[in-house]
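J.: turn this into a model:
(2 chains)
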Amino acid sequence: MFLENDARQLQAVFQELREIRDKAVRLRQWTTFAVSLCAWLLLLFGAAAIFMVCEKPYQSWSYFDGFYMAFVALMTIGYGDLTPTTSSGRSFFVLWSLLAVPTITVLVANAEDTLLKTLRGIITFLGNISILPGGSGFWRLSNDVLTRLGLGAFVGHGRRDSTVPTCEATDGHQPMELPSARRKFQILLLDEIMHIFHDLRKQEFGSYSVDRLVWYMRLFKGYQNAEDLRTGGQSKRTTSRADRSGSPPHSGGGGGLITQGSQPSRWYFPEFGAESPLIGPREEAQWILRELLQTLKMELHDMAREEGEAEMGVTTQDPSG
Amino acid sequence: MVVSERAATSLSSYQWSQSYYYCIYAAVIYFVVASLMLTNFLGAYLGHLKQDIELSTTLRSLLLHSIAFLAILFLGALVFSHIEGWSYLDSVYWADVTLLTIGFGDIAPDTTLGRALLFPYALSGIICLGLTISSIRKLVLDKGGSVLHLRRLGNMRDVYLRQRGGDGEQTALDCPYVAEVLVITVV
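T.: Numbers count the residues shown, from 1 in each chain, chains lettered A, B, ... in the order given. The predicted model follows:
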């Protein structure tokens, strides 16, 4: 049996690291949104004040006139009923519009990450209960809604994101059993690699379940160690490359025959960079793919060495027999 | 009475030319850019920052697109000021309003040549503007691109690991952050 304690500990670590990741991503999205919103409002209101000051002696604009002109220009409506005519107003207009138009695009791009994601959920919901043909018909859905409303259970529904399916829901992952033969273990590795490769090609990409991550961590140990853990026996050969935290990720690979580290948190996310699995689901899957390939390479390497030894043994034994 | 009022305000009705204001803006912008470059230079000199600035493809394309857009804007303004007989800076204002698709209409080409040249000019300029804006968007939406985000994420992870097992290693993310800011500002 894979050690129960170890597995539970790993699951807890993954769960909490994922929560940290989500928290950081949400924080970043809302920070950038708030910053660009502030910048945009500052640009709009500040520009309105400056336009008012510039145009007051010649067109006697009020603050509202300046704001109106700035808004019509920024939204690229461009009525042209109020335009800057003084040299100061015109020169400032050129500078300001070149700054403000990109800012509004940044705002829109951020809004897509934050505001529109929630908005899209609402729109999909409205579409489901009104016109769009859904999996479950109108009446069932409306009944569902009514029961939900009756129970008042809308409070706990914010976290259930139906737009991003997890991969588990779609691909039907096979049971997590370690094979008994070494060759079968290698085939299993190849299967997993193909699985992740296909998942990575999908447009919509959800996170793997924590159970599946723990399963991969087991695979990363290599056949011998995973087997030892399965049978509960002591590992004779400590050739796991689990604790490679010192080595860079692309150091040629396969060479890290270091004694196995006992800390699970240590060998998850070994070093931190742009390719860390902590960044997002896609990076996580890429990391798993990389590690699986490394494991497979190690396995084949070991096997080739053993075959070489066996051959040597055969050649030395042959003359005597 | 109207005449006397005009005479009284005639002196104050003079205004500085547009070039004067552009000079002020240019001075401010140059000052900011120069101080950023000085910071960057000092940082690299004292060894806090990397020596060379690595431009990502997104940044590079943003740089190229915005330079192309500004070139089209100012060269087109020059051409149209000759054709239409506007002053150059009025022409810059017109080009800005045109290419940003605001289209006030307070200044518009009158001659047939100017109107005919508007087609290729507006097409190329607006396409360039679209490219610039799309590369800004890409830069903003670049997931791994934000060094601040990476650093914050790394810190959060380390705090967590330290609380848990006491083996969290310090993530030393030496980054050309100031350099990045500088490039963006220059753009």
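
J.: would you mark the buried spots in the helix or strand encompassing A:R218?
T.: When secondary structure is defined using DSSP states H and E, the element that contains A:R218 is helix A:210-220. Applying a neighbour-count criterion of 16 or more other Cβ atoms under 10 Å in any protein chain shown, one finds A:210, A:212-220 buried in helix A:210-220. For glycine as for every other residue, the C-beta is placed from the backbone atoms N, C-alpha and C.

J.: dump those into a markdown table; add pLDDT as well.
T.: Listed next are the buried residues of helix A:210-220 as a markdown table, based on pLDDT from 0 to 100:
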| residue | pLDDT |
| --- | --- |
| A:V210 | 78 |
| A:R212 | 81 |
| A:L213 | 79 |
| A:V214 | 78 |
| A:W215 | 81 |
| A:Y216 | 82 |
| A:M217 | 77 |
| A:R218 | 77 |
| A:L219 | 80 |
| A:F220 | 78 |
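
J.: can you put those residues in a markdown table and add distance to A:Q9?
T.: As requested, the buried residues of helix A:210-220 are arranged in a markdown table below (distance: Cβ to Cβ, whole Å):
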| residue | distance to A:Q9 |
| --- | --- |
| A:V210 | 12 |
| A:R212 | 17 |
| A:L213 | 13 |
| A:V214 | 10 |
| A:W215 | 15 |
| A:Y216 | 16 |
| A:M217 | 11 |
| A:R218 | 13 |
| A:L219 | 18 |
| A:F220 | 16 |
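
J.: same for chain B: which of those residues are within range?
T.: Of the entries in the buried residues of helix A:210-220, none also sits close to chain B under the rule Cβ under 8 Å from any Cβ of the partner chain.

J.: and residue 35, what pLDDT?
T.: All of this refers to chain A. At A:V35 the predicted local distance difference test score is 83.

J.: um, chain B though
T.: Residue-level confidence at B:S35 comes out at 96, pLDDT.

J.: residues contacting B:G76?
T.: Counting by Cβ atoms under 8 Å, 6 or more residues apart in numbering or on different chains, B:G76 makes contact with B:95, B:99, B:121, B:125.

J.: element containing the nearest residue to the second one once chain neighbours are set aside, please.
T.: Meaning B:L99. Nearest non-adjacent residue to B:L99, counting by Cβ to Cβ, 6 or more residues apart in numbering or on different chains: B:G125, 4.0 Å away. The secondary structure element spanning B:G125 is helix B:112-141 (assigned by DSSP H and E).

J.: just checking, next helix/strand downstream of that helix?
T.: Downstream of helix B:112-141, the first helix or strand assigned by DSSP H and E is helix B:147-164.

J.: now for that following helix, which elements pack on it?
T.: Using 3 or more Cβ pairs under 8 Å, 6 or more residues apart in numbering or on different chains; DSSP states H and E as the contact definition, the elements that helix B:147-164 packs against are helix A:4-59, helix B:177-186.

J.: could those be laid out in TSV, adding distance to A:D113?
T.: Output for the helices and strands packed on helix B:147-164, formatted as TSV (distance: least, Cβ to Cβ, whole Å):
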stretch	distance to A:D113
helix A:4-59	5
helix B:177-186	19
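
J.: tell me where the model's unsure across chain B.
T.: B:1-13, B:142-147, B:164-187 (pLDDT under 70).

J.: let me redo that: the stretch 201-321 of chain A
T.: Per-residue confidence of the stretch 201-321 of chain A (counting by pLDDT under 70) places the weak regions at A:225-276, A:314-321.

J.: the strands in it, which residues?
T.: In the stretch 201-321 of chain A, no segments count as strands under DSSP state E, counting those that start in this stretch.

J.: what's the angle between the helix holding A:R218 and helix A:4-59?
T.: Our comparison of helix A:210-220 with helix A:4-59, counting by axes from the mean of the first three to the mean of the last three Cα atoms, to 10 degrees, yields an angle of 120 degrees.

J.: from the contact counts, what lies against helix A:210-220?
T.: Using 3+ Cβ pairs under 8 Å, 6+ apart as the contact criterion, the neighbours of helix A:210-220 among helices and strands are helix A:4-59, helix A:182-200, helix A:222-231, helix A:281-320.

J.: tell me the most buried of those helices?
T.: Relative to the other members of those, helix A:222-231 carries the highest mean neighbour count by mean count of other Cβ atoms under 10 Å in any protein chain shown, namely a mean of 18.

J.: list the contacts of A:A49.
T.: The neighbours of A:A49, taking Cβ under 8 Å, 6+ apart as the test, are A:63, A:66.

J.: quickly note the distance from A:L74 to chain B.
T.: Counting by Cβ to the nearest Cβ, to the nearest Å, the separation of A:L74 from chain B is 9 Å.

J.: distance check, that residue against A:W96.
T.: For A:L74, the distance to A:W96 under the criterion Cβ to Cβ, to the nearest Å works out to 9 Å.

J.: identify the contacts common to these two.
T.: When contacts are counted by Cβ under 8 Å, 6+ apart, A:L74 and A:W96 have A:L43 as shared neighbours.

J.: next, the contact list for the residue nearest to B:L99, please.
T.: With contacts taken as Cβ under 8 Å, 6+ apart, B:G125 has the following neighbours: B:69, B:72-73, B:76, B:95, B:98-99.

J.: farthest-separated two in the residues you listed?
T.: Within those, B:F69 and B:T98 form the most distant pair, 12.5 Å apart (Cβ to Cβ).

J.: gap between A:L189 and A:L296?
T.: 5 Å.

J.: make that A:T31, sorry
T.: Taking Cβ to Cβ as the measure, A:T31 and A:L296 are separated by 41 Å.

J.: tell me if I'm right that A:W96 and A:A47 touch.
T.: Yes. A:W96 lies in contact with A:A47 (Cβ atoms under 8 Å); the separation is 5.1 Å.

J.: shared neighbours of the two, anything?
T.: Between them, A:W96 and A:A47 share the neighbouring residues A:A70, with contact defined by Cβ under 8 Å, 6+ apart.

J.: give the contact list for residue 107.
T.: Reading this off chain A. A:33, A:36-37, A:40.

J.: if you could check chain B rather than the one you did, that'd help
T.: When contacts are taken as Cβ under 8 Å, 6+ apart, B:I107 is in contact with B:86, B:90, B:93-94, B:97.

J.: going by distance to chain A, which of those wins?
T.: For chain A, the nearest member of those is B:Y93. The distance, counting by Cβ to the nearest Cβ, is 4.7 Å.
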